[in-house]
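Trainee: no FASTA, just this:
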């Protein structure tokens, strides 16, 4: 199980994608959350981040924003950033380019952001080329696999601990599937990062 997308394969996905964002500071990380907003999970994440004084970036699914605009607005009101994660959480490899791009723009009617992350990291070359005109495409340095019920939360934390470095973009999920793993692993991760002197920043365009 890969917690980091193999660096040798990254150019095959496309150029000018953001996998890691080095900072002038020696220890900065970017916490990101995919797939919300979700009533059962997102506000628990927001409360936890408030406790630690952390700002993060939430890549939201458009249909979830349409259903739960109050939660989406709460994300913004608490000082976090949002990004586009398509309207229907589409897999790019099995979706026609026109349909995929249209779906992203549909999500953009609800999510005012120039950041985009493809669900599952899947994106065809033609999709990427069209979307790069309007969005900064954000990938990741570490994906936690918190959504995988075969992975224990302690392993999620230990693998983040093993791979984290300056500029790491770390992916958690504010989804029902990831809830138990994430709510256990996230505080462990934050406590470790704090002990190591890491600071937290939100992604920008």
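Mentor: It's in. Bear in mind that the values here come from a model prediction, so they are computed numbers and not experimental data.

Trainee: mean confidence score for stretch 59-75?
Mentor: Mean per-residue pLDDT for stretch 59-75: 98.

Trainee: got it, and stretch 124-141?
Mentor: Stretch 124-141 comes out at a mean pLDDT of 95.

Trainee: all strands of the protein, in order?
Mentor: 28-34, 57-60, 81-84, 115-116, 136-137, 142-143, 169-173, 199-200 (DSSP state E).

Trainee: What distance do you get for residue 196 to residue 165?
Mentor: Distance, residue 196 to residue 165, by Cβ to Cβ, to the nearest Å: 11 Å. To be clear about C-beta, it is placed using only N, CA and C from the backbone, and glycine gets the same treatment.

Trainee: Correction: the previous question concerned residue 183.
Mentor: Counting by Cβ to Cβ - residue 183 and residue 165 are separated by 25 Å.

Trainee: Looking at these two, which has the bigger crowd around it?
Mentor: More crowded of residue 183 and residue 165, by other Cβ atoms under 10 Å: residue 183, with 17 against 12.

Trainee: Where does pLDDT dip in the protein?
Mentor: 1-15 (pLDDT under 70).

Trainee: show me where it has helices.
Mentor: 10-13, 42-52, 62-67, 69-77, 97-108, 125-131, 153-163, 179-195 (DSSP state H).

Trainee: Once you drop chain neighbours, what's closest to residue 66?
Mentor: residue 110 (5.6 Å; Cβ to Cβ, 6 or more residues apart in numbering).

Trainee: Assess the claim that that neighbour and residue 68 are in contact.
Mentor: No: taking Cβ atoms under 8 Å as the definition, residue 110 is not a contact partner of residue 68, at 10.5 Å.

Trainee: Now do the contacts for the nearest residue to residue 174 once chain neighbours are set aside.
Mentor: Residue nearest to residue 174 in three dimensions, not counting chain neighbours: residue 36, with 3.9 Å by Cβ to Cβ, 6+ apart. Contact analysis of residue 36 by Cβ atoms under 8 Å, 6 or more residues apart in numbering lists 42, 45, 58, 60, 61, 64, 71, 75, 173, 174, 175.

Trainee: Kindly report the same for residue 175.
Mentor: Contacts of residue 175 (Cβ under 8 Å, 6+ apart): 34, 35, 36, 38, 41, 147.

Trainee: Out of the residues you listed, who's the most crowded?
Mentor: Ranked by neighbour count (other Cβ under 10 Å), the contacts of residue 175 have residue 36 at the top, with 28 neighbours.

Trainee: how far away is that one from residue 65?
Mentor: The value you get for residue 36 to residue 65, if Cβ to Cβ is used, is 9 Å.
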